[in-house]
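A.B. asks: here is a sequence together with a model predicted from it:
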Amino acid sequence: MTKSSEKHCAPEILLEMAGENSDIFIQLIEIFFRESRNQFTEIKSAAAIGDIVKCGNHCHSLKGTVGALGADNLVQMLQKLEDDCNQKRGDCGAARIAMLSDELHRVRTEVQKFIAHF
């Protein structure tokens, strides 16, 4: 499977969890967009000042937010960073944050495409 055709999330999982109710689903998607943006901003801020405890905590929060959308690759990336932060090894360096940002962008783009055809 090529990178461009790789699936980064499965918003249909969230739709199913919402009981196929479009109103509830749209509300959950709005929460996803708001919370994923806020949580990622917190990760970047914590990383910028080297606060690995906060970085790990915000990774945990974002992991829960994106997990409901079946964003398995992003969940794994966040879990690894959270584990490294909790064990005070590794870093929250710019390269790791950029990779998270790229994957989160892919997830958000797929969700937008899904709801555009919903």
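C.D. replies: In hand now; what should we look at?
A.B. asks: use CA for all of it now, contacts and neighbours both
C.D. replies: Will do.
A.B. asks: which stretch of helix or strand covers the residue most central in space within the chain?
C.D. replies: Ranked by distance to the mean C-alpha position of the chain (CA atoms, centre = their mean), the top residue is Val66 at 4.2 Å. Per DSSP states H and E, Val66 falls inside helix 52-67.
A.B. asks: now swap in Thr41 and tell me
C.D. replies: Thr41 is part of helix 22-48 when elements are defined by DSSP H and E.
A.B. asks: equivalent analysis for Glu20, please.
C.D. replies: Remark: Glu20 resides in no helix or strand, with elements defined by DSSP H and E.
A.B. asks: what is the neighbour count of it?
C.D. replies: 13 (other CA atoms under 10 Å).
A.B. asks: check His117 too.
C.D. replies: Considering only other CA under 10 Å, His117 is surrounded by 6 other residues.
A.B. asks: swap in Arg34?
C.D. replies: Quick note: Arg34 (other CA under 10 Å) scores 11 neighbours.
A.B. asks: that one and Thr41: what is the separation?
C.D. replies: 11 Å (CA to CA, to the nearest Å).
A.B. asks: and what of Asn86?
C.D. replies: Applying CA to CA to Asn86 and Thr41 gives a distance of 19 Å.
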